[in-house]
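*Asks:* generate a structure from the sequence data that follows.
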Amino acid sequence: MLEIFLKTLPFFLVIATGWIAGKTRFFPAVATAWLTKFVFYFALSAMLFRFAATLDVDRLFDLRFVLAYLTGSLALWALAFGVAKWRDLPLDQAAMEAHVAMTGNTGFLGVPMLVALLGPLAVGPVLMVLTIDMMVFSTLITLLITMARQGRVRLTTLWPLLRGIVANPMIVSMVAGLVWAKLHLPMPAALDEYLALLGASATPGALFAIGASLAERSAERLGPALWLSLAKLVLHPLAVAVAALMVFDVEPFAAGVMIAAASLPVAGNVYILSQHFGVAAHRVSAAILISTAASIATVPSVIHWITKG
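*Replies:* Below is the predicted model of the structure:
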């Protein structure tokens with residue numbers, strides 16, 4: 001356990017460094033926004049393309065893997081939604097809390113950290129989790145909130161959603177890399193070194209940006225935020241583990257990566273979504289802050305379990 005904790009500690013120390021820089025205003029909010037944009041559009045995209053371009057596409061898609069992650073995540077989503085409705089929250093707020101409970105920071109934290117800790121074979125499963133989160137659950141939350149406010153879903157609502165998914169640089173870079181791999185195109189040495197150099201900045205840049213963005217968060221609405229953090233850090237990986245190991249019998253290594261990805265703290269982009277819709281922004285902000293702080297203990301515990309179990 002100590003060995004795993006010490007391996008994950010540097011990642012969280014970079015997050016802490018970003019938080020200190022943001023909290024002291026040495027790194028202002030505008031700088032955080034530009035750093036996030038650099039990581040999102042350039043560094044992380046380069047890393048994802050290079051990873052995807054080396055995959056065996058024919059062996060990447062595993063229906064049992066997809067069904068296991070969907071089943072575990074939907075079970076947790078339904079639980080969080082049910083708890084929210086039990087508290088008499090309206091549909092849009094209940095849907096947002098359910099989204100918070102199962103949407104982890106797979107892009108900015110999961111891709112660099114899990115690949116570094118679990119090895120290059122973790123790339124495929126991590127990308128599958130990231131794709132499902134973006135394609136399925138981001139679509140679900142948008143449709144539910146739209147339905148709650150307009151009473152129905154129109155094609156004019158779906159088009160911006162689909163356009164946003166297609167234009168997402170993480171989706172574009174992953175698809176481009178998979179096409180490259182499927183066509184068995186050779187990777188020129190200069191291009192590989194360029195992608196490796198640019199992609200290498202994704203890990204420290206993303207972690208620093210996470211920390212700096214947390215400096216803007218407040219720990220209001222602690223009761224709901226604590227529940228949502230517990231759901232994300234403990235119940236989500238537990239539900240996914242049951243689905244992967246006991247129901248769908250997913251290959252052990254891929255199942256372990258899936259469980260580790262499910263244990264990640266709440267994604268920062270959920271706050272952007274909550275601001276965009278004007279739904280539970282303070283609650284979401286607090287859940288991101290608390291879950292990220294607590295994950296320094298929970299994530300190493302999960303990784304220790306899947307690697308030593």
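*Asks:* just the buried positions in stretch 290-304, please.
*Replies:* If you call a residue buried by 16 or more other C-beta atoms under 10 Å, then stretch 290-304 has these buried ones: 290-296, 298-304. Just so you know, the C-beta spots here come from the backbone N, C-alpha and C atoms, and that holds for glycine as well.
*Asks:* contact partners of that stretch?
*Replies:* 1, 4-5, 7-9, 12, 15, 105, 117-118, 210, 214, 219, 222, 225-226, 228-229, 232-234, 237, 259-260, 263-266 (C-beta atoms under 8 Å, 6 or more residues apart in numbering).
*Asks:* coming back round to it: got a markdown table for the buried residues of stretch 290-304, with distance to residue 55 and secondary structure too?
*Replies:* As requested, these are exported to a markdown table (distance: C-beta to C-beta, whole Å; DSSP: H, G, I helix; E, B strand; the rest coil):
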| residue | distance to residue 55 | secondary structure |
| --- | --- | --- |
| 290 | 35 | helix |
| 291 | 30 | helix |
| 292 | 29 | helix |
| 293 | 34 | helix |
| 294 | 32 | helix |
| 295 | 27 | helix |
| 296 | 30 | helix |
| 298 | 29 | helix |
| 299 | 25 | helix |
| 300 | 27 | helix |
| 301 | 29 | helix |
| 302 | 24 | helix |
| 303 | 22 | helix |
| 304 | 27 | helix |
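*Asks:* pick out whichever of these sits closest to residue 28.
*Replies:* Minimum distance to residue 28 across the buried residues of stretch 290-304 is 20.2 Å, recorded for residue 292 (C-beta to C-beta).
*Asks:* quick one: pLDDT of the closest one?
*Replies:* The per-residue pLDDT reported for residue 292 equals 88.
*Asks:* can you tell me how far it is from residue 243?
*Replies:* Going from residue 292 to residue 243 by C-beta to C-beta, to the nearest Å gives 25 Å.
*Asks:* quick one: residues contacting residue 196.
*Replies:* Counting by C-beta under 8 Å, 6+ apart, residue 196 touches residue 50.
*Asks:* brain fart, residue 50
*Replies:* 177, 192, 195, 196, 199.
*Asks:* pLDDT wise, what is it at?
*Replies:* You'll see residue 50 listed with a pLDDT of 90.
*Asks:* so where's the protein uncertain?
*Replies:* For the chain, the stretches with pLDDT under 70 are 1, 149-166, 218-221, 309.
*Asks:* looking at the buried residues of stretch 290-304, which is nearest residue 91?
*Replies:* Proximity of those to residue 91 (C-beta to C-beta) peaks at residue 291, which lies at 23.6 Å.
*Asks:* ok, back up a step: between the buried residues of stretch 290-304, which is closest to residue 33?
*Replies:* Within the buried residues of stretch 290-304, distances to residue 33 taken as C-beta to C-beta reach their minimum at residue 292, with 18.4 Å.
*Asks:* residue 266 versus that closest one, what's the distance?
*Replies:* Distance of residue 292 to residue 266, computed by C-beta to C-beta: 7 Å.
*Asks:* what do those two both touch?
*Replies:* residue 105.
*Asks:* can you show me the CA trace of the strand or helix carrying residue 226 as PDB?
*Replies:* Using DSSP states H and E, residue 226 maps to helix 222-230. In PDB, the C-alpha atoms belonging to helix 222-230 read as follows (Å, rounded to 0.1, in the frame of the first residue of the first chain):
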ATOM      1  CA  LEU A 222     -21.100  20.300   2.400                       C
ATOM      2  CA  GLY A 223     -23.800  17.700   3.100                       C
ATOM      3  CA  PRO A 224     -24.700  16.900  -0.600                       C
ATOM      4  CA  ALA A 225     -21.100  17.400  -1.600                       C
ATOM      5  CA  LEU A 226     -19.900  14.800   0.900                       C
ATOM      6  CA  TRP A 227     -22.500  12.300  -0.300                       C
ATOM      7  CA  LEU A 228     -21.600  12.900  -3.900                       C
ATOM      8  CA  SER A 229     -17.900  12.500  -3.200                       C
ATOM      9  CA  LEU A 230     -18.500   9.300  -1.300                       C
END
